[in-house]
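> need a structure here:
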Amino acid sequence: MASGEVEVLVSRAIVDELERVLQYSRLQRYLPSGLAQRFVRQFEKRALRVDPQEQLAVIAHDPADNRYLECALSGGARYLVSGDEHLLALREYRGIPILSPAEFLIILG
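Prediction:
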């Protein structure tokens, strides 16, 4: 992080998950037509793409959560920021602290 900038890492699996979640009917009613797709495209443009080589099976309750661990490891992340209870319960994985957004904001100052 140079001068307060945050670099976001993303993998194809994470983008696919984001697209899937944004299609939930409970979210769609709040999103104007096409907004979810535009958001995902802008997110992809601004994030650093990572191609994880290791497939993990750390979180059994929600295997999709493992994709975030894979991305963080492959991209050499300093932190994994998430609101997901399964990830947060780990607190850290292979030396990468797993923080809530609020905890990360405290670190950013």
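> in stretch 81-97, which residues are buried?
V81, S82, D84, H86, L87, L90, Y93, I96, P97 (16 or more other CB atoms under 10 Å). Every C-beta, even on glycine, is put in place using the N, C-alpha and C of the backbone.
> show me what the top strand by length along the chain is packed up against.
Identified as the longest strand of the chain according to DSSP state E is strand 96-99. If contacts are counted by 3 or more CB pairs under 8 Å, 6 or more residues apart in numbering; DSSP states H and E, strand 96-99 sits against strand 80-81, helix 85-90.
> circling back: which among the buried residues of stretch 81-97 gets closest to R26?
Taking CB to CB as the measure, R26 lies nearest D84 of the buried residues of stretch 81-97, at 17.5 Å.
> what separation is there between the closest one and Q42?
22 Å (CB to CB, to the nearest Å).
> next one: V15
Counting by CB to CB, the gap from V15 to Q42 is 12 Å.
> show the end-to-end separation of stretch 71-81, please.
Criterion CA to CA, to the nearest Å; first-to-last residue distance in stretch 71-81 is 12 Å.
> ignore the last one, stretch 12-31
For stretch 12-31, the first and last residues are 23 Å from each other (CA to CA).
> ok, which stretches of this protein are strands?
Under DSSP E, the chain gives strands at 9-10, 48-49, 80-81, 92-93, 96-99.
> including distance to L105, could these go into TSV?
Output for those, formatted as TSV (distance: least, CB to CB, whole Å):
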stretch	distance to L105
strand 9-10	18
strand 48-49	21
strand 80-81	9
strand 92-93	18
strand 96-99	9
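> nearest to L22, of those?
Short answer: strand 9-10, nearest of those by CB to CB, at 14.4 Å.
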